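K.L.:
below are the sequence and a predicted model; questions follow.
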Amino acid sequence: MKPFTFQTTNILFGVGESSKIAGLLKDHKAAHAMLVTDEGVWAAGLTRATEAAIAKAGITLTLFKEVVADPPSYVIEAAAEICRERGVDTVVAIGGGSVLDTGKLVAYLAQTPDKLDDIYGNDLATGERLRLLLVPTTAGTGSEVTPIAIATASTGEKKAVVSTSLLPDCAILDAKLTLGLPPHVTAPTGIDAMVHAIEAYTSKIKKNPISDQFALKALALLSTNLKKALMDGSDIEARSQMLLGSMLAGMAFANAPVAAVHALAYPIGANFHVSHGLSNALVLPYVLEFNRPAAEALYAELSEVIQPGYRRRSDAADAAAFIAEIEAYCRACGVPGSLSAVGIGEGDLSKLAEDAMKHGRLLVNNPRELDYDQARAIYARALEGRGGASRP
């Protein structure tokens, strides 16, 4: 067995656990906290209890709710500057993946002289950060347990900072905060988490026994509970299982990184302002088909995970069944059947393929080598599609 490393963070998981945030801050003698969120989460009232508890604990609070999807670098830098000016010592981020990623980068940039443009890439952020607590309100990104943060650079490209300095001091997962998610958010974020599990399980370089077990359990939880959460958004048990699956998938891909699905999804989000989860879902079946020659045995193993009771036949048949089931699952969850549904046309494919090739840190993990022509061909197949469905 080849050597491997596995890293994660402290976790509080359970319904109502978010009520402990103020107590954690007080235990660690926080004097001034910044609460990072977005307007939607704040308007939905998901941060109100935390704000009130922090105030009651006598801790000064600065609210920053200007986070937007695919957070631009200037938003992140503005929040970090506020932290420095006001003497913030702790960052609490409550929201979806963009909010959590922003919180990570704010906590880091506020404590170091580093500039955001200088730390994109792997292991370039080596300094200290402010104390950091992450609280997800979606079951999708797994960002609360990963050392990765995605931002939109000044060039318009989506870029990643990857560093263990971004792992939080604590991740707090409370399914109560996900109950209000509408189906059109629940579905793509859930599929995003399934992609994390699938790509971690087939990751070419750092796949390891621990990441494998987390990926398998994550995929089982997510595939079983996503449809339940879509049918009844108030099902707290299904929401809890989704949140657990998303976290386990995050822990898996934090150690066995994602690959071509994400590399091809990022340009869709950046150029057409499509959510990250939906971008992943749109290309997922077609990347799986491309990877099949190199990942057939692994896809065959996953066929049993998403189809309980499935009887194995051969790697070839089982891998084909897995891919077909994943595509059917996406359709059943309301994912459109082609890229044209989100405004992409034939004339856009070359630019998308060019941009996908810029994500070498992801493509190196793909089970099958992928070049520009092959990326463009995948986009072309996704553009043509094989039927569609209306979104939930």
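P.N.:
The structure has been received and is ready for your questions.
K.L.:
for burial, what's the neighbour tally of the nearest residue to residue 153 once chain neighbours are set aside?
P.N.:
The shortest distance from residue 153 to any non-neighbouring residue, by C-beta to C-beta, 6 or more residues apart in numbering, is to residue 159 (4.8 Å). From N, CA and C alone the C-beta is placed, and that goes for glycine too. By other C-beta atoms under 10 Å, the residues close to residue 159 number 22.
K.L.:
how close does residue 159 sit to residue 119?
P.N.:
10 Å (C-beta to C-beta, to the nearest Å).
K.L.:
for stretch 336-351, buried residues please.
P.N.:
By 16 or more other C-beta atoms under 10 Å, the buried positions in stretch 336-351 come out as 336-339, 341-342, 344, 348-349.
K.L.:
may I have the distance across it, first residue to last?
P.N.:
Terminal residues of stretch 336-351 lie 21 Å apart, using C-alpha to C-alpha, to the nearest Å.
K.L.:
could you give the mean pLDDT of that stretch?
P.N.:
Averaged over stretch 336-351, pLDDT sits at 96.
K.L.:
ditto for stretch 275-292
P.N.:
97.
K.L.:
can you show me the CA trace of that stretch as CSV?
P.N.:
Extracted as CSV, the C-alpha positions of stretch 275-292 are listed here (Å, rounded to 0.1, in the frame of the first residue of the first chain):
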residue,chain,number,x,y,z
SER,A,275,-24.6,27.8,-10.4
HIS,A,276,-21.6,25.5,-9.7
GLY,A,277,-23.8,22.5,-8.8
LEU,A,278,-25.9,22.8,-12.0
SER,A,279,-22.7,23.3,-14.1
ASN,A,280,-21.3,20.0,-12.7
ALA,A,281,-24.6,18.2,-13.3
LEU,A,282,-24.8,19.3,-16.9
VAL,A,283,-21.4,17.8,-17.9
LEU,A,284,-21.3,14.9,-15.4
PRO,A,285,-22.7,12.0,-17.6
TYR,A,286,-20.6,13.0,-20.5
VAL,A,287,-17.3,13.1,-18.5
LEU,A,288,-18.2,9.8,-17.0
GLU,A,289,-18.6,8.3,-20.5
PHE,A,290,-15.2,9.8,-21.5
ASN,A,291,-13.5,8.4,-18.4
ARG,A,292,-15.1,4.9,-18.7
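K.L.:
quick check: buried residues in it?
P.N.:
In terms of neighbour count (16+ other C-beta under 10 Å), stretch 275-292 has its buried residues at 275-288, 290-292.
K.L.:
swap in stretch 127-144?
P.N.:
Using 16+ other C-beta under 10 Å as the burial criterion, the residues of stretch 127-144 that qualify are 129-144.
K.L.:
between the two ends of it, how far is it?
P.N.:
With C-alpha to C-alpha as the measure, the first residue of stretch 127-144 is 19 Å from its last.
K.L.:
distance from the chain centre to that stretch, please.
P.N.:
From the chain centre to the centre of stretch 127-144 is a distance of 11 Å (C-alpha atoms, centre = their mean, to the nearest Å).
K.L.:
now do it, average pLDDT.
P.N.:
The average pLDDT for stretch 127-144 rounds to 97.
K.L.:
contact partners of stretch 314-334?
P.N.:
183-184, 187, 190-191, 194, 198, 223, 226-227, 230, 281, 284-285, 288-289, 292, 295-297, 299-304, 306-307, 310, 312, 337, 386-392 (C-beta atoms under 8 Å, 6 or more residues apart in numbering).
K.L.:
ok, and the closest non-adjacent residue to residue 200?
P.N.:
Closest residue to residue 200 apart from its sequence neighbours, by C-beta to C-beta, 6+ apart: residue 252 at 3.7 Å.
K.L.:
which other helices and strands does the top helix by length along the chain contact?
P.N.:
The longest helix of the chain (DSSP state H) is helix 276-306. Judged by 3 or more C-beta pairs under 8 Å, 6 or more residues apart in numbering; DSSP states H and E, the packing partners of helix 276-306 are helix 183-201, helix 209-231, helix 260-272, helix 315-332, helix 372-384.
K.L.:
distance to residue 8, mean neighbour count and mean pLDDT added to the ones you listed, as JSON lines?
P.N.:
Shown next, in JSON lines, are the helices and strands packed on helix 276-306 (distance: least, C-beta to C-beta, whole Å; neighbours: other C-beta atoms under 10 Å; pLDDT from 0 to 100):
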{"stretch": "helix 183-201", "distance to residue 8": "13", "mean neighbour count": "27", "mean pLDDT": "97"}
{"stretch": "helix 209-231", "distance to residue 8": "9", "mean neighbour count": "21", "mean pLDDT": "97"}
{"stretch": "helix 260-272", "distance to residue 8": "20", "mean neighbour count": "24", "mean pLDDT": "96"}
{"stretch": "helix 315-332", "distance to residue 8": "27", "mean neighbour count": "18", "mean pLDDT": "96"}
{"stretch": "helix 372-384", "distance to residue 8": "32", "mean neighbour count": "18", "mean pLDDT": "97"}
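K.L.:
which among the ones you listed is found nearest to residue 115?
P.N.:
Smallest distance to residue 115 across those (C-beta to C-beta): 21.2 Å, for helix 260-272.
K.L.:
quick one: contacts of the closest one?
P.N.:
Contact with helix 260-272 is made by 70, 152, 156-158, 195, 198-199, 274-276, 279-280, 282-284, 287-288, 290-291, 339, 342-344, 348, 351-352, 355-356, 359, 362-363, 366, 368, 370, 375, 378-379, as judged by C-beta under 8 Å, 6+ apart.
K.L.:
dihedrals phi and psi, residue 127?
P.N.:
phi -90, psi -170 (degrees, to the nearest 10).
K.L.:
residue 60 now?
P.N.:
The phi/psi pair for residue 60 (degrees, to the nearest 10) is phi -70, psi 140.
K.L.:
what's the closest of the buried residues of stretch 127-144 to residue 87?
P.N.:
residue 130 (10.5 Å).
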